[in-house]
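K.L.:
Would you be able to build a 3D model of this:
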Amino acid sequence: MRHTVTKVVIPAAGLGTRFLPATKALPKEMLPVVDKPAIQYVVEEAVRAGLPDVLFVTGRNKNALENHFDRATELESILMRKGDEERLSKVAESTGLANVHYVRQGDPLGLGHAVLRSQAHVAGNSFAVLLGDDIIDERDHLLERMLQVHDQRDTNVVALMEVDPSQAHLYGVATVEATEEDDVVRVRGLVEKPERGTAPSNLAVVGRYVLKPEIFPVLERTKPGRGGEIQLTDALLTLAEDHSDGRVHGVIFRGRRYDTGDRLDYIKANVQLAAERDDLGPGLRAWLREFVQTFED
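P.N.:
Take a look at the predicted model:
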């Protein structure tokens, strides 16, 4: 099914303080996951889903991110003279991956504000928002399914994933109603990072959204919420409560997701992805078996 969305917005203005000092001079989006920066996995996901037009909402000190998706003429020339076609191909891959654009967020006023900065670029059309902290395994097709639901139901769509209730306070959490489709729910309520033990469900919003342009006037009216920031969750809650037939739906994702926004989960993501690769997996898995045995009593 051909979908109507063509543009994706990737907020990338965060400071990455959880990874200091590594992110003192390097954008957190450029931290490597195995041998590619985390942000490249996200752009590849967008392109696989048929969204080749990518807008990064950036902040200060993000030059490395911009350079990664630009030509590296000197490096390419050196690799070409050496006849190193394999590495040359890897360097050139990110350059031609997508049609990349940039806009500065300016004041760091939250995810909702970052999305609002994309209004001129998306030009009155529906669009996707992909957060760089979440990597969705390329064998799973979450974004494609969300685009399908958007087109079929003419609705805003969020990605939801069941989490351990003890971890629900780390996410935006949804209250939902079932629909006739097993993996699609109608969103009735949303709360951003509820206090421990108060989450209305264990369905967490993970970093994928397909939004209609009606989100923009709502964001403009949305007052700063948790953390003093303009929360996208709050704007979606306004839309969810506005109509009885539902203006926000969720796709429940049961696939493979790698979280690179937390130090421990970032390490896990590197190990998981490397362990499944043909070139690295056999050696890594063998070493892991030996290494784990050193912890056994």
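K.L.:
which residue ranges form the strands in the stretch 101-250 of the chain?
P.N.:
Listed in chain order, the strands of the stretch 101-250 of the chain (DSSP state E, counting those that start in this stretch) span 127-130, 134-136, 156-162, 172-178, 184-192, 203-211, 248-252.
K.L.:
Output the ones you listed in CSV, with distance to residue 60, mean neighbour count and mean pLDDT appended to each entry.
P.N.:
The C-beta positions use only the backbone N, C-alpha and C, and glycine is treated the same way. Listed next are the strands of the stretch 101-250 of the chain as CSV, based on distance: least, CB to CB, whole Å; neighbours: other CB atoms under 10 Å; pLDDT from 0 to 100:
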stretch, distance to residue 60, mean neighbour count, mean pLDDT
strand 127-130, 21, 24, 97
strand 134-136, 23, 23, 93
strand 156-162, 29, 23, 95
strand 172-178, 26, 20, 89
strand 184-192, 25, 21, 90
strand 203-211, 22, 24, 94
strand 248-252, 33, 24, 95
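K.L.:
Excluding chain neighbours, what is closest to the residue nearest in space to the middle of the chain?
P.N.:
Centroid-nearest residue in the chain: residue 131, 2.5 Å away (criterion: CA atoms, centre = their mean). Nearest non-adjacent residue to residue 131, counting by CB to CB, 6 or more residues apart in numbering: residue 207, 2.9 Å away.
K.L.:
rewinding a little: isn't the residue nearest to the centre of the chain right up against residue 205?
P.N.:
No. Contact between residue 131 and residue 205 fails when scored by CB atoms under 8 Å: they sit 9.9 Å apart.
K.L.:
so who does the residue lying closest to residue 185 once chain neighbours are set aside touch?
P.N.:
Nearest residue to residue 185, sequence neighbours excluded (CB to CB, 6+ apart): residue 176, at 3.8 Å. Residues near residue 176 by CB atoms under 8 Å, 6 or more residues apart in numbering: 160, 185-188, 201, 203, 250.
K.L.:
for residue 264, same thing?
P.N.:
Taking CB under 8 Å, 6+ apart, one finds nothing in contact with residue 264.
K.L.:
What about the residue lying closest to residue 119 once chain neighbours are set aside, how many residues nearby?
P.N.:
Computed as CB to CB, 6+ apart, the closest residue to residue 119 that is not its neighbour in sequence is residue 216, at 5.0 Å. By other CB atoms under 10 Å, 16 other residues sit near residue 216.
K.L.:
ditto for the one 5 residues further on
P.N.:
In terms of burial, residue 221 registers 8 neighbours under the definition other CB under 10 Å.
K.L.:
Please, where are all the helices along the stretch 151-297 of the chain?
P.N.:
Remark: helices assigned in the stretch 151-297 of the chain by DSSP state H, counting those that start in this stretch are 215-221, 232-242, 263-275, 281-293.
K.L.:
before we move on, the earlier item: can you tell which of the strands of the stretch 101-250 of the chain is closest to residue 276?
P.N.:
strand 134-136 (12.8 Å; CB to CB).
K.L.:
Listing partners with orientation, what would you give for the closest one?
P.N.:
strand 257-259 (antiparallel) (DSSP bridges).
K.L.:
Could you give the bridge partners of residue 128?
P.N.:
Here residue 128, judged by DSSP bridges, has bridge partners residue 8, residue 210.
K.L.:
Return the distance of it relative to residue 47.
P.N.:
With distances taken as CB to CB, to the nearest Å, residue 128 is found 12 Å from residue 47.
K.L.:
Ok, residue 231 next?
P.N.:
Taking CB to CB, one finds residue 231 at 28 Å from residue 47.
K.L.:
got it, and residue 252?
P.N.:
Taking CB to CB, one finds residue 252 at 24 Å from residue 47.
K.L.:
and what of residue 91?
P.N.:
Counting by CB to CB, the gap from residue 91 to residue 47 is 17 Å.
K.L.:
Equivalent analysis for residue 121, please.
P.N.:
Separation of residue 121 from residue 47 (CB to CB) stands at 17 Å.
K.L.:
before we move on, what about residue 5?
P.N.:
13 Å.
K.L.:
before we move on, what about residue 274?
P.N.:
Counting by CB to CB, the gap from residue 274 to residue 47 is 22 Å.
K.L.:
Low-confidence bits of the stretch 151-297 of the chain, can you list those?
P.N.:
Confidence mapping of the stretch 151-297 of the chain against pLDDT under 70 gives the ranges 243-246, 297.
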